[in-house]
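> need a structure here:
(2 chains)
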Amino acid sequence: MKIAAHVLAVLFVGLPGCGFKQTQSVSLSSEKTPVFKVPSEETDPFRGKVGVVKQRQLFAGYKTCLKLEDESVSLRTKNAFQALRPQLSPEGLVKDFNSPMLTAAAQVAAEFCVDRLDFEASASEQFFFKGFQLVDGKVAQDGIKETGDALAVDESVRALAKSCWGQPAQPDEILIVRDQTLNSAVGKLMNRSTALYLCTVVLSAPKVFQY
Amino acid sequence: MAMATKLRKVTIASLLMAVSVVLFFQNCSAVKINAPASNSRTPGEVAELSLNTKKTLQILGRLSVKSAYDHPLVSKMEELVKEDKLFDAALLATETDAFVNIVVRDFAAKMSNREQSATAPLNDMITTIVGIARDDLDAREMLSGDFFYYAPDAPGVTKKTIDNHVVRTHAHYDELEREQTNLAKHLTQSRQMVIGSSGSAMELTDAAGVLTSRAFMMAHAVAGTNRRIVEYAFSQFLCSPIEEWADTSIPDGYVGRDITRMPNDLYKSKCVGCHAPMDALRPAFAFVDFAYTNTSGFTEYQKRYTSENLDAKTVAAVPADEQLVPTKFRRGQQVFAEGFIVQDSKWENFTSDQFGWRTPRQGEGMKSFGRMLAHSRAFSTCMARRALHSVCYFPLEKKAPENLVDRLADDFESHGYKLRRLFAQAISQPECTEGL
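Below you'll find the predicted structure:
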C-alpha cells in the first residue's frame, strides 16, 4: 500500500513534461541526437529508430544502476517484477511505451528503491542517499532545511540520474524533482519515505526507458 | 465491503491510467522553476555527453543493458568508437552477463514457441542457446549437440534433479525464472536425457541440440503426427515457413496413409506440395513422442509399442517392424491404406537448393537431420536475420536487405559460427548504425 501510494505520487510528479514528444523527429530524446536507422517500409515509424528497454532489461537495468548485487534484490521485488512483466515492453518497440507500462515500471522501480534503501540503511556509508535517515523507526529530528537538505536532495537526484538515466541530470530536471519532493506530503523530513519518493521519481522518468 | 474494495481498486487504476496519459505528453518547460539547482558536480561528471559517448551508450543499451556513462566499460568502448572500431566496441558489450541473460535469451525464446514471442517462460531450449552463446560454442551445435544447459547450483534453486525437474517436468526452469537467475553465471552443461522404453530417464543417443529439447518437443511433438517438428524446424532455424518450400513437383512416395488423395486434383495441386517434402523428412522423428499428463510431460524415445499400449479404439495388432514407432504414425489406414508407412528413422530431403544444402540429402535419425539444417546456408542467413531483428529491429517477417544478411552470414560461417560475434557484427553494420 505504501509503495502504491508512492507510485501514484510519482505518476503525478515524475511524469509531467518529461515524456517523449511525438514529433516528426525520429528521436525520442529531447536532444537532437541521431539514432538508429530503420528500413523505410516499416509501418511503425519509430520502429528501429529508438529503443525502449525490454522487460528483462528493465530488471537488470534497475539492479545495475542502483548498484545492487544479485543477493540484495529481494524476493518481493522479483515477485513484483514477475507479476508486472506482462505490462512491460517485450520487444523494445515504441508502441509498447504506454500508460500501463509506465505504471508497472514505476511499481518495479519503487520495489528496487526499497531494496536500495534497505542496503544503504545497513551499509557503513550511504551512496545515493547521503544525509537521509533511512532506518525505519528512527525519526528524522528536524524538518527539511532550505539549504543544506535541499542540496542533499539535489545530490541524490544527480547521483541517481547519473547512474540510471545514462546521462547527466539537467538543472531544470533536478529542480522539478527537488521541488516536488520537498513540497509533497512525504517530503517534509529527510527520512526513508522522502528518499523512496525521490528514488521512485527518478527511476520512473522516461529517460530510464529509452536508449 | 468486497464491492467497495473492488471499486476502490478500479478507481485507483483508472486514476493512474488517466493521470499518466494526461501528464505524459505535457511539456517539461511548463513546470515552474522557483530557484536554481545547485551547480556542483561530482568528480568526472559532465554537463553534456559527447556524440561518441551517446553512440557507445546506444550500442551498449542494445547489446546489454543501459549503463551509467562513467561505467568503466563505457570508457573502454568509447575509446574504440572514437577510432571507428564499432565492431570491437560491440564485442566488448557482448561479454557482459546482460548480453546472454537478455539479448540472447530473447533471441532464443522467440524460436522456442509457435507465437515467436520473446516472453516465453524459461525452458531448456532457451538455456541451451544461451549456454552456447556464453561458452562461445559453434552455433551449429544448436541443432546437433547432445547436451543441454541447466543451473543446479544457482542460489534459491531446490528443484534440480534432472529426471524429475528437467526431463519429466518444467519445475527447474520455473524456479530459475522466479529467482531471475543470472544464467551467464550459473548455467552448466549436461547430456540430454529422455524417458526410455523402461520408463526411466536415459541419455538420448540420437540428440539433435534444441530440436530434441523438452521445450521444442513439448511444442511440436505433443499429439499431432510429428510433421510439425519438421515444419517448425525449417521455420525457426532456416527462417522459412512451409509456404516457401512447398513444391508440387516432388515425388509423393513418402506421403503418409492419413492424407486423403481425394479429390485427386486438389491433392496433386495443393496437398502434395507440403506433404511430399515434409513427410519424407518426418521419419527422422520416427522414434519420439511427447507424453503429456496433467502433472508432467516428457519425451519418450524408442518406446516399444505393442497392442497392449494402445487405447481401446485401436484394435489392430502392431507389426513387429513398427513397434518402435509411436501410434501417431499409424493413423489413417482407412484413409489411404497404400500410403507410406514409417517403419524406421531413415529420411530423405527433396527440398530445392534454395536452402544451400551442404550435407547428404539422406540420413537416419534426428541428429543427422539437425546437422543437415545447421550446415545449410539458410541456417547462417536465418541466424543473421534473427540477430538483425534483435538488435537493429529489422522485422523478421520482412527480409532485411539481402546483401547485409549475406555479409553477416559470410562472416558467421568464416569465423566458426559464434553468436557473440554475429551480434557484434550486426550492430556495427552501417545499415544498423547509420546516423549514430
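> Give me the residue ranges of the chain where confidence is low.
You didn't say which chain, so I picked chain A. A:1-50, A:136-148, A:187 (pLDDT under 70).
> Chain B was what I was after
In chain B (pLDDT under 70), the answer is B:1-47, B:295, B:309-316, B:398-399, B:434-436.
> Nearest to chain A: which residue in it?
As assessed by CB to the nearest CB, chain A sits closest to residue B:61 within chain B, at 2.9 Å. Glycine gets a C-beta too; all of them are placed from N, C-alpha and C.
> how about the nearest residue to the spatially most central residue of chain B, chain neighbours excluded?
For chain B, the residue sitting closest to the mean C-alpha position, by CA atoms, centre = their mean, is residue B:111 at 2.5 Å. If you skip the residues right next to it in sequence, residue B:111 has residue B:236 as its closest partner in space, 4.4 Å away by CB to CB, 6 or more residues apart in numbering or on different chains.
> likewise residue B:140?
Nearest residue to residue B:140 in three dimensions, chain neighbours excluded: residue B:374, at 3.7 Å (CB to CB, 6+ apart).
> count of residues packed around the one you found?
A count of nearby residues for residue B:374, using other CB atoms under 10 Å in any protein chain shown, gives 26.
> Just the CA coordinates for the helix or strand where residue B:217 lies, please, in PDB.
With secondary structure defined by DSSP states H and E, residue B:217 is part of helix B:214-220. Backbone C-alpha positions of helix B:214-220 (Å, rounded to 0.1, in the frame of the first residue of the first chain) are rendered in PDB as follows:
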ATOM      1  CA  ARG B 214      11.900 -30.800 -23.900                       C
ATOM      2  CA  ALA B 215      10.600 -27.400 -24.800                       C
ATOM      3  CA  PHE B 216      10.700 -28.000 -28.600                       C
ATOM      4  CA  MET B 217       9.300 -31.500 -28.300                       C
ATOM      5  CA  MET B 218       6.600 -30.200 -26.000                       C
ATOM      6  CA  ALA B 219       5.700 -27.500 -28.500                       C
ATOM      7  CA  HIS B 220       5.800 -29.700 -31.600                       C
END
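> My guess is the residue nearest to residue B:140 contacts residue B:132. True?
No: counting by CB atoms under 8 Å, no contact exists between residue B:374 and residue B:132, whose distance comes to 11.4 Å.
> contact partners of stretch B:234-241?
Defining contact as CB atoms under 8 Å, 6 or more residues apart in numbering or on different chains, one finds that stretch B:234-241 is touched by B:111, B:142-143, B:242, B:245, B:355, B:373-374, B:376, B:378-379, B:381-382, B:385-386, B:396.
> mind listing the helices in chain A by residue range?
Per DSSP state H, chain A carries helices over the ranges A:2-13, A:55-65, A:75-84, A:99-122, A:148-164, A:171-183, A:192-203.
> Next secondary structure after the helix or strand that contains residue B:298?
For residue B:298, the element it lies in under DSSP H and E is strand B:297-301. In the C-terminal direction, the helix or strand that comes right after strand B:297-301 (DSSP H and E) is strand B:346-348.
> tell me what whichever helix or strand comes after that following strand is packed against?
The first helix or strand that comes after strand B:346-348 along the chain, using DSSP H and E, is strand B:362-364. Other elements packing on strand B:362-364 under the criterion 3 or more CB pairs under 8 Å, 6 or more residues apart in numbering or on different chains; DSSP states H and E are strand B:346-348, helix B:366-374.
> Pull out the buried positions in the shortest one.
Think strand B:346-348. B:347-348 (16 or more other CB atoms under 10 Å in any protein chain shown).
> Show me what it pairs with in its sheet, parallel or antiparallel.
Note on strand B:346-348: by DSSP bridges, its sheet partners are strand B:362-364 (antiparallel).
> how deep is residue B:365 tucked in, by neighbour count?
Applying other CB under 10 Å, we find 22 other residues in the vicinity of residue B:365.
> what does residue B:96 give?
For residue B:96, the tally of surrounding residues (other CB under 10 Å) stands at 20.
> Please apply the same query to residue B:378.
Under the neighbour criterion other CB under 10 Å, residue B:378 is assigned a count of 20.
> Please tell me how far it sits from residue B:130.
Between residue B:378 and residue B:130 the distance, using CB to CB, to the nearest Å, works out to 23 Å.
> Residue B:347 touches residue B:278, doesn't it?
No: contact status for residue B:347 versus residue B:278: not in contact, 10.5 Å apart, counting by CB under 8 Å.
> Look through chain A and state the residue closest to chain B.
Using CB to the nearest CB, the point where chain A gets nearest to chain B is residue A:211, with a distance of 2.9 Å.
> give me the number of residues near that residue?
Other residues near residue A:211 number 26, with proximity taken as other CB under 10 Å.
> quick one, what contacts it?
The neighbourhood of residue A:211, defined by CB under 8 Å, 6+ apart, consists of A:50-51, A:53, A:166, B:57-58, B:61-62, B:66.
> got TSV for these, with distance to residue B:51 and neighbour count too?
TSV is the format used below for these (distance: CB to CB, whole Å; neighbours: other CB atoms under 10 Å in any protein chain shown):
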residue	distance to residue B:51	neighbour count
A:50	16	22
A:51	17	25
A:53	22	26
A:166	14	26
B:57	11	23
B:58	11	23
B:61	15	22
B:62	17	27
B:66	18	28
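> Columns distance to residue A:157 on top of those, output as CSV?
Rendered in CSV, the data for these read as follows (distance: CB to CB, whole Å):
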residue, distance to residue A:157
A:50, 25
A:51, 24
A:53, 20
A:166, 15
B:57, 20
B:58, 24
B:61, 22
B:62, 27
B:66, 18
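> closest to residue B:156 among these?
For residue B:156, the nearest member of the contacts of residue A:211 is residue A:53. The distance, counting by CB to CB, is 24.8 Å.
> residues from the stretch 251-400 of chain B in reach of chain A?
When proximity is defined by CB under 8 Å from any CB of the partner chain, the stretch 251-400 of chain B lies next to chain A at B:392-395, B:398, B:400.
> so which pair among those residues is furthest apart in space?
Maximum pairwise distance in these, criterion CB to CB, is 12.7 Å, between B:392 and B:398.
> which of the two has more neighbours?
When residue B:392 and residue B:398 are compared for neighbours, residue B:392 comes out ahead with 21 against 12, by other CB under 10 Å.
> From residue B:81, how far out is the closest residue to the more buried one other than its chain neighbours?
Closest residue in space to residue B:392, ignoring its immediate chain neighbours: residue B:432 at 3.9 Å, by CB to CB, 6+ apart. Distance from residue B:432 to residue B:81, counting by CB to CB: 14 Å.
> picking that back up, what sits against the residue of chain B closest to chain A?
Contacts were defined as CB under 8 Å, 6+ apart; by that measure residue B:61 touches A:51, A:53, A:57, A:166, A:211, B:67.
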